[in-house]
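Visitor: Pasting the sequence and the predicted coordinates here, then a few questions.
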Amino acid sequence: MPGGRLTQPERQQIALGLADGLAYAEIARRLDRPTSTVTREVMRNGGPTAYRADLAHRATERRAHRRGQTAPRDPKAPAQAYGRDAEAVREFEEVFTTVMAASGMPTMTARVMTCLTLTDSGSLTAAELVQRLQVSPASISKSIAFLESQGMVRREQGERRRERYVVDDDIWYQSMIASARSTAQIVEIARQGVGVLVPHTPAATRLENIARFLDFVSESIARAAEQAREILQTKPEIQMKPETPPDSSA
């Protein structure tokens, strides 16, 4: 399997594969590259609908140039836990952030979410986030406020009254439920609009169709989230051997 940076012809093959609707794994197979390489390449260069080989190639050259001018990493920085490859982790952080941002999350918020998610403890203080991301406390505060509004982080009281921001296994459930509730509010407003616009008129019919669609989706999301939470968080019961009843003949 070849290593190193993608070449311009390879980027052109990626662009052609995307245009043909191929999955990342299939494009990667044809290039004899890891799927993660193709995913990272596409997501950091506009996503599947906006990817252009020539622009991606120039952007990569600019990033490499800037990286060459960047000061070396602090030698006092702690080594990666569990023997992880520091460069591979850094690249994955970039991809994860890009994917989160492509979903509609502000870039700074995506960086905070990535930092929390990829931390073994699953929690950090504001000061730790500032230090890790090298940004202002105000940027962290704004990002945390957004993530809280989406149900994607929660606050816990830490040592010395320092709040810790937590991302754990239950956060995505809470986020899905918050999303379902938000969608349910849109459903309610849309159905109010049906009455205002007079039922069976074109605009009212459109609103009714929107309400029906979103109502079905939000209920399905909530139901699936509940089922997934129940299944994935239920620990298998330990099978206990029944005790031997005492001998009644004794």
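Guide: Ah, there it is.

Visitor: When you work out contacts or count neighbours from here on, use the C-alpha atoms and nothing else.
Guide: Fine.

Visitor: Just give me the longest helix of this structure.
Guide: helix 202-233 (DSSP state H).

Visitor: Just the buried positions in it, please.
Guide: Along helix 202-233, these residues count as buried under the neighbour rule (16 or more other C-alpha atoms under 10 Å): 204-205, 207-209, 211, 214-215, 218-219, 221-222, 225.

Visitor: Just the C-alphas of the lowest-mean-pLDDT helix or strand in the chain, formatted as CSV.
Guide: Scoring the helices and strands of the chain by mean pLDDT, DSSP states H and E places helix 53-69 at the bottom, with a mean of 75. Extracted in CSV, the C-alpha atoms of helix 53-69 (Å, rounded to 0.1, in the frame of the first residue of the first chain):
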residue,chain,number,x,y,z
ALA,A,53,-8.6,18.2,-7.2
ASP,A,54,-6.7,21.3,-8.3
LEU,A,55,-7.8,23.4,-5.3
ALA,A,56,-7.2,20.5,-2.9
HIS,A,57,-3.7,20.1,-4.2
ARG,A,58,-2.8,23.8,-3.8
ALA,A,59,-4.4,23.9,-0.4
THR,A,60,-2.3,20.9,0.7
GLU,A,61,0.9,22.6,-0.5
ARG,A,62,0.0,25.7,1.4
ARG,A,63,-0.6,23.7,4.6
ALA,A,64,2.7,21.9,4.2
HIS,A,65,4.5,25.2,3.7
ARG,A,66,2.9,26.7,6.8
ARG,A,67,3.7,23.6,8.8
GLY,A,68,7.3,23.9,7.8
GLN,A,69,7.4,27.4,9.2
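
Visitor: out of the buried residues of helix 202-233, which one sits closest to Asp170?
Guide: Distances from Asp170 to the buried residues of helix 202-233, taken as C-alpha to C-alpha, are shortest for Ala225 (10.3 Å).

Visitor: name the element the residue lying closest to that closest one once chain neighbours are set aside belongs to?
Guide: The spatially closest residue to Ala225, leaving aside those adjacent along the chain, is Tyr173, at 5.9 Å (C-alpha to C-alpha, 6 or more residues apart in numbering). Applying DSSP states H and E as the criterion places Tyr173 in helix 171-196.

Visitor: and that helix, which residues are buried?
Guide: Buried, per 16+ other C-alpha under 10 Å, within helix 171-196: 171-181, 183-184, 186-187, 190-191, 193-194.

Visitor: Quick check: Ser123 touching Val167?
Guide: Yes - the criterion here is C-alpha atoms under 8 Å, and Ser123 meets it with Val167 at 6.2 Å.

Visitor: burial measure for Ser136, as a count.
Guide: Residues lying near Ser136 (other C-alpha atoms under 10 Å) number 13.

Visitor: scratch that, Ile140 is what I was asking about
Guide: Ile140 has 21 neighbouring residues, counting by other C-alpha under 10 Å.

Visitor: and the buried residues of helix 202-233, which two are the farthest apart?
Guide: Maximum pairwise distance in those, criterion C-alpha to C-alpha, is 31.2 Å, between Ala204 and Ala225.

Visitor: before we move on, back to that, find residues that contact each of Ser123 and Val167.
Guide: Leu116 (C-alpha atoms under 8 Å, 6 or more residues apart in numbering).

Visitor: Of all the residues in the least confident helix or strand of the chain, which ones are buried?
Guide: Of all the residues in helix 53-69, those buried under the rule 16+ other C-alpha under 10 Å are 53, 56-57, 60.

Visitor: What is the subsequent helix or strand relative to that helix?
Guide: Next helix or strand after helix 53-69 toward the C-terminus (DSSP H and E): helix 86-102.

Visitor: what's the distance between that next one and the middle of its chain?
Guide: Taking C-alpha atoms, centre = their mean, to the nearest Å, one finds helix 86-102 lying 10 Å from the centre of the chain it belongs to.

Visitor: same question, stretch 141-150
Guide: In terms of C-alpha atoms, centre = their mean, the centre of stretch 141-150 is found 15 Å from the chain centre.
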